[in-house]
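*Asks:* how would this look folded up:
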Amino acid sequence: MDLAEIKAACGLISAGPTKGTGYLVDTDRMATCAHVVQHVTQGGTVNVNFQGVLREATVLSMDQANDCAILRLNLS
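*Replies:* Numbers count the residues shown, from 1 in each chain. Below is the predicted model:
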């Protein structure tokens, strides 16, 4: 895997006042840090920008102790 492939799977997440990076781990799943989505409750939605392509995602689960979260990209 090279940098171009990693960048293609990378999205900028906007979750209220917080922004951070998330990475596709499946066709409709992203992994990110829990602190990126901490202002959104589980089941809440965030916005994801994939190099100009905007998508909405739902926070499926968060683990504050290990600072990780899984998001599901919503169908558009």
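
*Asks:* all contacts plus neighbour counts: C-alpha atoms, from now on.
*Replies:* Will do.

*Asks:* residue ranges in this protein under the pLDDT threshold?
*Replies:* 76 (pLDDT under 70).

*Asks:* secondary structure element for the residue nearest the centre of it?
*Replies:* The chain has Gly22 as the residue nearest its centroid, 4.3 Å off, counting by Cα atoms, centre = their mean. Here Gly22 is covered by strand 18-26, with elements defined by DSSP states H and E.

*Asks:* run through who's touching that strand.
*Replies:* Strand 18-26 is contacted by residues 9-14, 30-33, 36-37, 39 when judged by Cα atoms under 8 Å, 6 or more residues apart in numbering.

*Asks:* mind doing that once more with 6 Å?
*Replies:* The contact list for strand 18-26 (Cα atoms under 6 Å, 6 or more residues apart in numbering) reads 9-13, 30-32, 36.

*Asks:* where do the strands sit along this protein?
*Replies:* 10-15, 18-26, 29-32, 45-50, 53-63, 68-73 (DSSP state E).

*Asks:* any idea how far Asp26 is from the nearest residue to Pro17 once chain neighbours are set aside?
*Replies:* In this structure, Pro17 finds its nearest non-sequential neighbour in His39, 7.7 Å apart by Cα to Cα, 6 or more residues apart in numbering. His39 sits 24 Å away from Asp26, going by Cα to Cα, to the nearest Å.

*Asks:* kindly report the same for Ala4.
*Replies:* On the measure of Cα to Cα, Ala4 and Asp26 end up 17 Å apart.

*Asks:* now Lys19
*Replies:* 21 Å.

*Asks:* these two: who's more crowded?
*Replies:* Taking other Cα atoms under 10 Å, Lys19 and Asp26 do not tie; Lys19 has more neighbours (16 against 11).

*Asks:* and that one, what are its bridge partners?
*Replies:* Note on Lys19: beta-bridge partners Ser14, judged by DSSP bridges.
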